[in-house]
Each structure stands twice: as structure tokens, then as C-alpha cells.
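Novice: Based on what follows, work out the 3D shape:
(chains A and B)
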There are 2 protein chains.
Amino acid sequence: MTQTVKPVKTGLREVSRSVPRLEGVQKVTGAIEYIHHLRLPGMLYGKIVRSTVAHANIVSIDAAAARELPGVHAVITGEDVLKIVPSPYYGPAFHDQPVLAIGKVHHVGEPVAVVLATDPHVAEDGADLVVVEYDELEPVFDEVAAAQPGAPIVHEELKPAGTFADLKHLKGKKHTNIALDAMVRHGDIERGFAMADHVFEDTFKSGQVMHTPLEPFVSLAETRSGKELTIHTASQSPSFVRMEVARMLGWQENKVRVRAAFLGGGFGAKLYIKLEALVAVLALIVRRPVRIGLTMEEQFYTITKHGTTVRMKTGVKNDGTIVARQVMTWWNGGAFADIGPRVTQKSGFTAAGPYDIEHVSLDSVAVYTNLPPAGAFRGFGIPQLVWAYESQADIIARKLGMDPVEFRLKNVLRDGDEHATGTIMSNAKVVECVESVARMIGWDKPFDRGTGVIRRGRGIAVGLKASISPTTSVALVTVAADGSCTLAISTVDMGQGSDTAMAQVAAETLGIRTESINVVHSDTDVTPYDMATLGSRSTYHMGNAVRLAADDARNQLLALAATYLGVPAETCVCKDGVISTSEGKSMTFKELFVARFGMQAGNVVGTGSFEPPYAKPDMTTGQSKNVTPFWMIGATAVEITVDTETGRITVDKCVTAGDVGRAINPAIVERQLNGAAIMAIGSSISEVMIFENGQVVNASLADYKIPSFLDIPKHIQAELIQDPHPTAPYGAKGVGESGSFGPTPAIANALEDACGVRVREMPLLPERVLRAIREAAGTPLESE
Amino acid sequence: MTQTVKPVKTGLREVSRSVPRLEGVQKVTGAIEYIHHLRLPGMLYGKIVRSTVAHANIVSIDAAAARELPGVHAVITGEDVLKIVPSPYYGPAFHDQPVLAIGKVHHVGEPVAVVLATDPHVAEDGADLVVVEYDELEPVFDEVAAAQPGAPIVHEELKPAGTFADLKHLKGKKHTNIALDAMVRHGDIERGFAMADHVFEDTFKSGQVMHTPLEPFVSLAETRSGKELTIHTASQSPSFVRMEVARMLGWQENKVRVRAAFLGGGFGAKLYIKLEALVAVLALIVRRPVRIGLTMEEQFYTITKHGTTVRMKTGVKNDGTIVARQVMTWWNGGAFADIGPRVTQKSGFTAAGPYDIEHVSLDSVAVYTNLPPAGAFRGFGIPQLVWAYESQADIIARKLGMDPVEFRLKNVLRDGDEHATGTIMSNAKVVECVESVARMIGWDKPFDRGTGVIRRGRGIAVGLKASISPTTSVALVTVAADGSCTLAISTVDMGQGSDTAMAQVAAETLGIRTESINVVHSDTDVTPYDMATLGSRSTYHMGNAVRLAADDARNQLLALAATYLGVPAETCVCKDGVISTSEGKSMTFKELFVARFGMQAGNVVGTGSFEPPYAKPDMTTGQSKNVTPFWMIGATAVEITVDTETGRITVDKCVTAGDVGRAINPAIVERQLNGAAIMAIGSSISEVMIFENGQVVNASLADYKIPSFLDIPKHIQAELIQDPHPTAPYGAKGVGESGSFGPTPAIANALEDACGVRVREMPLLPERVLRAIREAAGTPLESE
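Specialist: Next up is the predicted model:
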């Protein structure tokens, strides 16, 4: 790997510095806290009995044999849950997911019962003894088929959560699998196509993928009185868990305490409710602490990345100007909506890509099927769309005989252009990102194109993503009497380096060193509200809250110092824990506290609360003056080798450019871009969940291939495009997903560059590639 | 027991309401969290090897046999501690107490080594195998003897902590056992005595007493990296523990996290550092979690109530006017100062009592001896002084032929009078307290005086105590998006009901119900600084901080509501979680959050920081314009039965009046007054530590007699004198100690009333009483 991060001269001391991770040593010595390691006194282990069928009514559950197994404490079913929770359904968008199946099952793997035992192996043995009788119903798996009239119905009635205004009209709607239909209308799409010299129509499909956090899902719940709960959970969204569990139980929020620790990866999997509602209810039923941790196999049935079908029709002038684009996207939401409707809407409105197109019509539907539920996955739907529009970009460029880079640069949105939503673009370095990856890969230079059965090719792609709004982050900065500082935030550090970055923002603002700051992890009783750690929002949203909180603390310190130093506060500066005046008088923070409190005592507490500016889109046109607080831009170029005898693709080079606003911690940001690219390479060439009647047939890491160290491109490189964003903390935008946008279409484009074949279904598994090559060569493989 | 709390009409909804304890159900069901129950994974149990001699140099420590015992993980001595902590001494006033003995031991029971094992019984067996060889030094036990020149010296050199300005001049002072000499000079004492018609001189002694919290001392420490520590401890002062352990280790405060839970009693024992520095250092040495919990026997060697000698000389006119008082008090601080010097100074300046005396001279000395260390004990030295001045008050009244109540009312300080320190009295209901107990006991009514060998008598006493300053409390009030509220404070609820009282203050201020509030316990990473839970300071000091924090939160909510309701904030009111205007428009807190944050999201965080007004006393005269934020006044009257054949005293009636300002929770306040009285009855008639060569010979609850339920007076009653204090939260003053002032002298006075004998040494054990009776009868008992 090569390092390309250039130091930026900023006048800043802490921001723009590649501070080593604050938790680094604890991580590499194995001392760090993960919820997975937590054991509570008197704890029971729960093993979930899961549905073996995709769609069925439950006829009976026979748990007698399990209950008789020595060591089994209890077997709990949906019936038991109903006794203490009248409506035990949860979900961020729809209240559609039961704590345990009630009456019917909607997908293979749905939790039907839980066996509780003091020994996890006994719980497992007990689960094997539970016999469930099903009356099977016709299932539906394909997202396009499920959206058609007459398809089998997954949920009889839609139950929107009321959280999102654009779901309210769906309340009580029956006999449909469509959980949301979002649209954007800009210009006049028919006129657009009429103006076009060429019209391209393609359908791009992508399969379900698993997030594969290496720390499995795990949650523990305990209650002292049966009227309060503490939930310890590997969650990206403790504030949401608190709110949703309290809502489901009919309790006040402050009766539910949710603690998280470091996560061993999240990638969107550990958002909203996963095991939390279940362990909470179990703890209330049995009045003992309950722990459930999943096996890797079970994770495949818990949450996935949406499989999608994208039908894209694009009108282009002879000179390469895109004049019209119509996109229809079906999102396979699986059996429970989770945050799928939001993926549908938020990604949906960017389906025209980072292009300045006059006439746009976008439709995006969230569809229930009888597969495991799909939710947020790094990129929040954007990679599936970039896969489509950047594949088609190359198809068009190739057809028009234009260079792919030239074609993109001709059409990309530039600051001041109007996006399809009506929002005027600003601080979106699309051009710079494209030019950066072209330069890094040596786009205009010749390269080894391979010989014989080995062919080599290059591809490029660029995507954009909106950030989230409305949304809120709150932070507390506490300065102790010795001047040391503690930052209390509900942001969850799941490997992305948020502790370090947030400490840098606080340190810069307070004039102290990042390493001296103590970051306190999410505990909803004490760390304030944060919507969730998702969508690359922490740096911008929580970063702003932290900056405001640190500003507040600093201003209190400066005001105090000013009274003792006898000068106006605005003439004082904070540096290295010392407040000084232009005349050279100074006080340390500690001296200030002694002066203020009569001894080394007290705290200064700064608070910060941030919500970004936002203008709600019109529901029927998707038009809004301000759909996003900032744009994330990511471009990728790859150079690949294709073994035309096996269809195997090797990514040799992968270069990424991200518009990061300003990098708080350049080394971490670079790793985020490269890490996202590696993850996207996995779902481009090797990772996909294979279903048979709703059953995942490759639900193990032996059969489901995530990139290993040997699969990382030999040459991997990231460039940070730094253009400080005016509303961001020190100009820093979120960047955790930008590297994931481009790899899939870049590889598909490189495949065509190498072998002349175009594959429209993701991932580019060897067999699929080989079939395409042999098909093109006129020597098709026999079908499976 | 009778209930005499009268409801006070206040217009307040939450304050002045006897809300049942928020934690009550958890306590009675055994579900509540105590640190004593905590077990950490991989934890080692530590057993302390303690000095068997009172004063000696350590010649050698042979731990070979202990180390060979199977299951013993390590044996740690002072030498090991020195390897990682260059100066392993701690203490709030003097840095005199080593983590483990280094070179010499200063009292029987001083920790010399610790045996660590995975099994606590193995640790205990190991401790028995450690052989320590001592070279004994001459010890000194009596506080008066130890203060004389030529006495054996406990510490070669004084090492004041630097926390208190009045100790700084002692730095480096050698060859003295006097750790502090505090004084008050008011008027001209010689002239005063010259004016007097009668001069009384008495010496009153009191013995060491143990706090006897029923949850023993227990602390656990763990470290992940060796560069940070988490200490879980049954402590009344987590903020101090953090600061002091960090100081000792040379670390930033924010590297030490200190968590407390509910305490099973504290009474001053669990203040400052007890086991915390030891477990911290042990965890750093062995890199595993370490737990040490004490046996009841060990507690007797850990911290005690000061034994004292009070020499009191009082000049009185024939009409009963006290004109001069000179007091010399020796405080037996034991081997380590702990907070003793502060007891010496703070109680010392009140030694003239609640009386308006023109000429006053007070000296108060903290003395090192070779007994176990003495520290804060409910009342902070005041009961020892009240014992002296209220015994003498009766001696004087009796001599002058005055009624004891009349004598007191003639002399007591009234608002506007000048206290011996020069502070003008205000909001101190001394008269009302005296009159209240006189009324309750029926002072002017005849009563059964007994017959034959059974004699009955009555006594009365009144005392006053200053509160603490300078001192700081900080509070956070967080309102969640559903309107529910969490209060984060470092006040420790040790049975005094602070959680409930603080929630009442917050609820009153926010216009919500107390029961809906969640109180978060002390955790120094997240709950803000509070000096400590001591000296009846929480209600006033933390109460003010909570009120300020709740005001801040309410004002933020009102300001928000005003913008949505279109009226000025000051015209809005908060009640039952609803903000409404005079025109009848209203919004719930939850609606407000949705309006503000676009969804049910966000927090409003209010912060409050409080330090009371204070004027530092002059060191040589003790004069100050404002020595205390408020005065605590407590009066007691008792009716007792004396069995003149055995000397056994039974307290039949005990009535207490406390000036409480305003009772936040009248039922809890009443129980505080009665509880303090019961505790004081114990140290008046049955409790005392008996030493032989520094060894406690009655160090078990079989031999050391705390009051049982059967010892509680059949008639026990408390009256709350309510006069809202202007600078207190809703007028509420601290009251946890006021009931402890009077019982000892009231019982001694009742003894003289019953039998005509005056005992000047506390406690009034049967043998001591019997000796006095037999002496007076001319038939003395043989000496022991």
C-alpha cells in the first residue's frame, strides 16, 4: 500500500493531524471492551429457534422436550411475549417486526422461540428439541415479482411507525408489498427523450450481501425491578434502541438504559433494533439477565444489503450530453422493513447520478418479500445505484466513441448546477474526484493489457450521496479541575475512528492535545442523544455538536479567566491548557479552577446540540431547496486482470478519491476510503448470498467469500480532496462510505475494457464472468 | 414511634411532599446495586496483612510460605508499590498515609502487605502465612499526652496536602504530633473571666467509636492499558477519589474513572481514600481486576470517630449570663490525619456553643497518636463538643439554681447576634428548637421519677454546626425527547434519601412528577463533580446545583415553546410536562421536541454549578464575616430510666427538633433526625472501642454494641422547624447530622436529674454509671 496523504497547511494544531487512534494500544493488546465479552451475574444464555420455512402460518410449537432437558430454564414463544407486551412489534420505519413470531413466519430464520439456559450449549441443545409445525403459504422472493398485483402478500396491513412523514399515508393500507414509493420529477421526461439522439435502456441487478461484522450481534438485558431495564448491546444506535424499546413497552424513555462499547464492525448491520427488544422482553419475563449472541450463520438471517433491480433509461445527444434519465428501482426489503423505506427514498433521489440532467424522472419502491430483512449497508443503497448509472455511463460512452472520463466530465454536476431535486450544488468536488482517480491510475498512459488467456482492463466510476437530515446530535464536554477533559457522546466507535476524530475537534477548539482527552462511550443515561452512528454522519453532525460543546466550555473558561486576568475575554487565547493575554499574563486551567472554586474542585460543562439546515422535499416531485447538509463524492478507478479460462477477476490497482471537506485525521480518512473500497470489491466479485426457497445455502464464511488480506489490491491508494465545507466542523465532511460507491461499476467497466463483455448482474462471480466471455466468444457454457 | 410531621402549605407540588423513596422497592426486594455485590471477570481477591503492633520499624517481611500456597497469585508489599509509585502517600489534609506500610507501622491494623488469590479463602490463608518482623518503638495513645513535648513522634515530618490554606505553614515541620492548631479569639477572655461571678472548669472526655456501616468497605479496580483505571467503590466521595488517586499516580484526572452505587451506610466512614488507592495500585501491578472487601473486624482499624478531651472554662454572672468561655480541645486523630485537621478547625470554632458570649477563646488541636486513624463521623466533631458544653450548661444551671431550659434560653444566640467567629447569626432557630423539645417532652409537667432502685430523669441539650464552604457541586439535568428526565449527580445515596430529594427539587423546578425522574449515580466520567456526600451538604449544595440545572433546562424548554406558541417565554408555565400560556395554548415536552428536531429526537441538557458564599476566617483570630452558608441547629430532650443496681440506662423518650429550613421530603427528614438520635444514643450509652496497647479488644458486633431495634426509645419523635432559608433550594437546609448533637449530654443531664451523679466521660456504660452512683453513695466499687 502507498500513502498519498499530503499534509495540509492549516494553522490548526489538532485537526488535520494523523493522531494515532486513542484506543489503538487497547485494541492490539486485546484489552478493549466489547459487549461480546460481557457476562452478568445470574445470566441466562438464549438460543433462538428459527423458522425453517419462508412463509407459513404457525400451527403449533411443541417445547415440551426442550423444557425437560436438564439445565433449560425456560422456553419462550410469541404467546409468552404477548402476555407482557400487548403489541410486541418494532421497527424504525414500520412496526412490522415481532419480538418473536406471532401466528406466522415471514422468512427462513425468523425467530420463533428462545430457549434459555445457564449454559449456552444446553440452550443450543434445547433449541434443537423444539418442534414447530407450519402450514406453508406461497412465498415471494423477487423484488419485481413481489411488487406486482396478485403477488403473495407478506404483511396483511402496513403499519408505519409515524417517524417519517412520507410514510403516514400508508397507515392501514392492505394487500400490498410496497412499503414506500418515492419519486423525483424534474423537467419533462418525455420532452427529454424526444430531444435525445440516442436512448439507452438497461436493467442492472444486484444480489443480497451480508455486512459480516466480525464481532457478531450480541445483546444483554437486565432489570432490577421489572420497571426499568439496562440493555448492553453491540449497537450503532443506542439512543434509538432506548426510544424504541420504551415505546414498545409503553414506558418512559428514561426507564431504559442502553450501553454500547466499541463495536467490532457495524457497517449498518447493528442499527435500530436487532436483538435488543428480544433480550429486553426475555429479561422482563424471566427476571434474570439474558444474553443472546449470534453465530455467523444466524447473522445471514438477521439483516442484509438490499438486492435491487434498477431499470435505467437514458437519453443522450450526439455530443454526449445527457438530456433525460428515467430510473425505476425495486429494493428487495425482505420480510421486515427495517430502515429499507428510508434507503429507498434517500438513495432513490440520487439515482440520476452526479450528472447535470435537465429532464429526470425517478421512482424507487421498497418491496416486502419472503427473504431475510434488508437494511442499511455501508453506502445506504448508493452502491447499487452507482453500479447501474456508472455501468450505463460506460455503455453510452463506448457507444458514442467517447473516452469514459471525458464523457463523465462533460456531464458532471458542478457547484451552482441544479440537482434533480432542485437543490443547487455546492461544495461537491465531482470533477476533482474524477480527475484525481484518472491521474492516480494513469488514465492517459498505456498499461499492460495482458496476453493470451490473461486480459487486463481499466474502469472508472463516480458517485454521490446525500447526507442525512433532519437529525440531531448532542455532546457534552466536561473540563475537570486539573484541566483534563472528558467528552461524552453517543457516537459509537465501530472501527471508523470516531473517538479520535471527535477528541481532535474538541482538542482543537479547547486548545489542548487530543491525546489528553477521555472519550466516554454511549450510555443513554449519561451520554446525550445522538440519532445514530450511520450514513457517514458522525464527523459532520456530531463533530458540529462537539465543536459547539467545546466552544461553550472554552467560552466559560475564557470568561472566567478574563475576570482574574483583568482583560476582556475576547482578548484571551487558549493553548496547551493555558489561557493567556496579549500582554503575556496567563493562567493554567487548573489555576483557574482553584481561583474559581477555592480549591482544585468543580467542573466546567459545555453542551452542544446540532441539527443541520434542511428543507423537506415535496412528496410528489421530490423537489427541495436543500435535500442534504453536504454531498459525499467518491470516485474509483481500477485496473484488473481477468483469467478468461476461469472467469476470475483480480483487482490489481484500486485508487479512490473522496471529497472530504477537510480531513480531521488524514490517516484515518485514507483508511476509511480504502477500507470501503475493499469492502465494495468483495460485493463486486465474490460476495453474495445464495438462496434456495429462502434458505441461504452459503451461510458460512467458508462458502461466503469476503475479501481476505490476499484479495486486497497490491496497489491501493486514496486521495483526499480537501475543500473545507462552510457548515462543517473545521470543514470536515463524512467520508466512511465514499470509497464504496465506485468499485463495482469500475470493475464491471474494466471487465468490458479487458474482455469486451458487459455483465449486468452483480457480483461478477467467476462463473458469471466466464459465461459472459464464452457467450461473447460464441462458445456458451452449458447451463447449470 | 409517633409521626409529628405537619403538612406545610407551600404552593409547591413536589417539594414538601413525602414522596416514597424512588429506590424503595429495589431495596426491600434485594435487587438494588451495591458495589459489594460486584464481581469482575478475572478478578483477584486481596486480603490485607495488618500490623500487630502499634508503633514499630519493619525489619523484614517473609512472604515465601504465602507465595507457595496453591492458588495465591501474588503477595504485594510496600516495596512493590514503590516500584510503580514514587510517593505512594495519600490523604485529604496530609499526604501521610502509605498505600502499604513503608519502613514503619503507625498503628495496630495498618496494612503491611496484601495477598492476592482467585479465591478469597485462599487469600485469607495466605495472609496468615506472611511473617513480619518488627522492631518496636514506644507508642503514644492519649491525645493530651501525645500533644506534649517529648512524646513519642508518630510521623517524623508533617506533609500537608496543600488543599487547605491553614495547613500550608506546617509543611516540613518536624518532631511534633500536632497536625493543626486552630483558634478563635473574640473579645478579651481575661476581662470576661474578671467580670464573672462564677467560673466553672470541667474536662470532658469521649472515646473512639466506629461508624459501623452495615455494608463493609469494599473497592475494586481494573485497568485495560495500565494507563487508565476504573475504580468501583463504596465511597461517599467519588470525585475526591478520582482526584487523589490521579494525583498520587501523577496522572490526569480523566484517566481515573470512579463509580459508586448505593451505599449500605456511610456516616463519614467512606469518605476520602480508604481502599481505593490500594486496589488501584494492586490492579496496576498485577494487571488484573482486584477486589478488597473488609471484615467487620478490619473496619475497626480503618477509620474511627475522634476520641476527644475538652477542657472547658466558663464564666457566668449571678443572673445566669455567660460572659466568658475558654475551650481547649484535643482531638485524637490516630496514626493518619485523614480529614481530622478539618474536624479540628470546623468544629473547633463552634466550641462555645449556640450561646451569645462576649469573651471567647477557643483552641482546638489535631493530634497524631498510635491508634487507628479518626476522620469524619456523622456530626463532624460537633457531638463531642456539644457533649462538653451542654453538660456544663446543666452543671452551671444546677449550681445557679436555674431551670436548664431557662438558662439556655437566656443565653442562646438569636438572629442578629454575633457568633464568636464574628459572623452575624441569621436563619438559626435555636430558641425554637429548644422550645420545641421542651414542649414535646413536657418539660414543665411532672413525670414518673421512679421508685426504689429504679430512678428516672430528664435532660435537654442543644447544639449548632456550621456547614461547609468553600465547596462546589455540579449537576446535569437531561430532558429526553419524550419529556422524561434524567438527573446526573455525583451525590451518593447512602440511605439518606438524596436520590429522592434531588429528584423532588428537579421535578418542582421542571413542573413534572418526582417519580418520573431517573437519578444516575456517581460515575466520575459522566456525572459531574461534587465535592463529596458529607456534612449534611447535599440538600443545600447539590440541591442548589440541581435547581440551577433544572432552571437551565426549563428555561431552554420555555424559550423553545415560546417560539412555537408565539408568546414571550416569561408568560409560559411548565406543569405536568406541559408548557402552557395564559391564553390556554399548550405543548407537551414531547411535542416541543418533535417541533424542534423534526422528529422525536434530541435532548435538552441543563447544567448547574453551585458554590456557597463564604468569607475565609483570619487564621489567628478565627474571625470571619461569613463562616458558613447556613447553620444547622438540633435540640434533644430525653427521659431515661436508670437501674441504680446495674448502672444500666434505658432511654424511654427521645424528642428531637431540627431547624431544617424547609423539608424537601418531610418523612425522610424526620427519619434522618430520629436516625441520627438513635445513632448518638449508641455512642452515649453502649458503643466505644476498647484498646489495649493499641489493639481493639471488642472489634466485633458481638462485643461492640450498636443500638438494636429493642434499644430504640419507645417514644421517639422529631419536629421539623421550618423557616425557609433564603439561599437554599426551596429553603431547604441540610439535616442529616442535627439529630446527633444533643443525645449524649441530654442523657448525661438526665442521669444527674435521676441520680444526682455527673459523669464526665463518654459513653455512659453501665459500669461507669454504677461506679459514679456508688461513689456518690459512699460505697465505691472496687477498682478493676
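Novice: Give me every residue in the stretch 451-600 of chain A lying close to chain B.
Specialist: Within the stretch 451-600 of chain A, the residues that sit near chain B (C-beta under 8 Å from any C-beta of the partner chain) are A:470-472, A:474, A:476, A:478, A:480-482, A:484-486, A:488, A:516-518, A:520, A:523, A:525-529, A:531, A:597-600. In short, each C-beta sits where N, CA and C put it, glycine included.
Novice: one more time with 7 Å
Specialist: With C-beta under 7 Å from any C-beta of the partner chain as the criterion, the stretch 451-600 of chain A meets chain B at residues A:470, A:472, A:474, A:476, A:478, A:480-482, A:484-486, A:488, A:516, A:518, A:520, A:523, A:525-529, A:531, A:597-600.
Novice: Of those residues, which belong to strands?
Specialist: A:474, A:476, A:478, A:480, A:485-486, A:488, A:518, A:520 (DSSP state E).
Novice: burial count for A:Met675?
Specialist: Let me fix one detail, which is that residue A:675 is Gly and not Met. A:Gly675: 20 surrounding residues under other C-beta atoms under 10 Å in any protein chain shown.
Novice: per-residue confidence for it?
Specialist: The score at A:Gly675 is 97. That number is its pLDDT.
Novice: Need the distance between the two termini of stretch A:530-545.
Specialist: Its start and end residues considered, stretch A:530-545 measures 10 Å (C-alpha to C-alpha, to the nearest Å).
Novice: Count the neighbours of A:Gly264 for me.
Specialist: Residues near A:Gly264, counting by other C-beta under 10 Å: 19.
Novice: which parts of stretch A:426-445 are buried?
Specialist: Buried residues in stretch A:426-445, defined by neighbour count with 16 or more other C-beta atoms under 10 Å in any protein chain shown: A:427-438, A:440-441, A:443.
Novice: ditto for stretch A:688-700
Specialist: A:688-689, A:691, A:694-696, A:698-699.
Novice: Quick check: residues of the stretch 151-300 of chain A near chain B?
Specialist: Near chain B, the residues belonging to the stretch 151-300 of chain A are A:163, A:224-225, A:243, A:252-255 when assessed by C-beta under 7 Å from any C-beta.
Novice: Once you drop chain neighbours, what's closest to the residue in the stretch 651-784 of chain A that chain B sits nearest to?
Specialist: When scored by C-beta to the nearest C-beta, the stretch 651-784 of chain A has A:Thr727 as its residue closest to chain B, at 16.9 Å. Sequence neighbours aside, A:Pro629 is the residue nearest to A:Thr727 in space, at 6.6 Å (criterion: C-beta to C-beta, 6 or more residues apart in numbering or on different chains).
Novice: tell me the angle the longest helix seen in chain A makes with strand A:473-480.
Specialist: With secondary structure taken from DSSP state H, chain A has its longest helix at helix A:543-565. Angle, helix A:543-565 to strand A:473-480, by axes from the mean of the first three to the mean of the last three C-alpha atoms, to 10 degrees: 30 degrees.
Novice: Sheet-wise, list the partners of whichever helix or strand comes after helix A:543-565 with their directions.
Specialist: Going down the chain from helix A:543-565, the next helix or strand is strand A:573-575, by DSSP states H and E. Paired neighbours of strand A:573-575 in the sheet (DSSP bridges): strand A:578-580 (antiparallel).
Novice: which SS class is A:Thr641?
Specialist: The assignment at A:Thr641 comes out as strand when based on DSSP: H, G, I helix; E, B strand; the rest coil.
Novice: which ones are touching A:Val412?
Specialist: A:354-356, A:430-431, A:434 (C-beta atoms under 7 Å, 6 or more residues apart in numbering or on different chains).
Novice: If we use 10 Å, what do you get?
Specialist: Applying C-beta atoms under 10 Å, 6 or more residues apart in numbering or on different chains to A:Val412 gives the contacts A:353-356, A:425, A:428, A:430-431, A:433-434, A:462, A:464, A:633, A:635.
Novice: next one: A:Gly226
Specialist: A:84, A:283-285, A:287, B:25, B:29, B:31.
Novice: 7 Å - rerun?
Specialist: Applying C-beta under 7 Å, 6+ apart, the residues contacting A:Gly226 are A:284, A:287.
Novice: picking up where we left off before, how about the residue nearest to A:Thr727, secondary structure?
Specialist: Secondary structure for A:Pro629, judged by three-state DSSP, is coil.
Novice: Tell me how far it lies from A:Ser536.
Specialist: Using C-beta to C-beta, to the nearest Å, A:Pro629 is found at 11 Å from A:Ser536.
Novice: got any residues that touch both of these two?
Specialist: Common neighbours of A:Pro629 and A:Ser536 (criterion: C-beta under 7 Å, 6+ apart): A:Ser467.
Novice: rewinding a little: tell me the one of the buried residues of stretch A:688-700 nearest A:Leu781?
Specialist: A:Leu781 lies nearest to A:Val688 out of the buried residues of stretch A:688-700, by C-beta to C-beta, at 18.7 Å.
Novice: Show me how the record splits chain A into domains.
Specialist: Annotated domains of chain A cover A:35-139+A:211-299, A:304-469+A:617-776, A:471-610 [automatic domain parsing].
Novice: For chain B, what's its nearest residue on the stretch 301-450 of chain A.
Specialist: Residue of the stretch 301-450 of chain A nearest chain B, by C-beta to the nearest C-beta: A:Arg342 (11.9 Å).
Novice: low-confidence ranges in chain A?
Specialist: Low-confidence segments of chain A (pLDDT under 70): A:1-10, A:784.
Novice: switch to 50 and redo it
Specialist: Residues of chain A that meet the criterion pLDDT under 50 lie in A:1-5.
Novice: Just confirm A:Ser609 is within a strand.
Specialist: Yes: A:Ser609 forms part of a strand when assessed by three-state DSSP.
Novice: and the closest residue to it other than its chain neighbours, how many residues sit next to it?
Specialist: Nearest residue to A:Ser609, sequence neighbours excluded (C-beta to C-beta, 6+ apart): A:Val474, at 4.7 Å. By other C-beta under 10 Å, 30 other residues sit near A:Val474.
Novice: what sits against A:Val474?
Specialist: Applying C-beta under 7 Å, 6+ apart, the residues near A:Val474 are A:528-530, A:545, A:608-609, B:602-603, B:605.
Novice: If we go by neighbour counts, what in the helix or strand encompassing the residue of the stretch 301-450 of chain A closest to chain B is buried?
Specialist: According to DSSP H and E, A:Arg342 maps onto helix A:340-348. Buried residues in helix A:340-348, counted by 16+ other C-beta under 10 Å: A:340-348.
Novice: related to what we said a few turns ago, out of the buried residues of stretch A:426-445, who's near chain B?
Specialist: Okay, of these, nothing touches chain B (C-beta under 7 Å from any C-beta).
Novice: Now A:Ala501. Nearest residue, chain neighbours left out?
Specialist: With C-beta to C-beta, 6+ apart as the measure, A:Ile664 is the residue that lies nearest to A:Ala501, at 4.5 Å, once sequence neighbours are left out.
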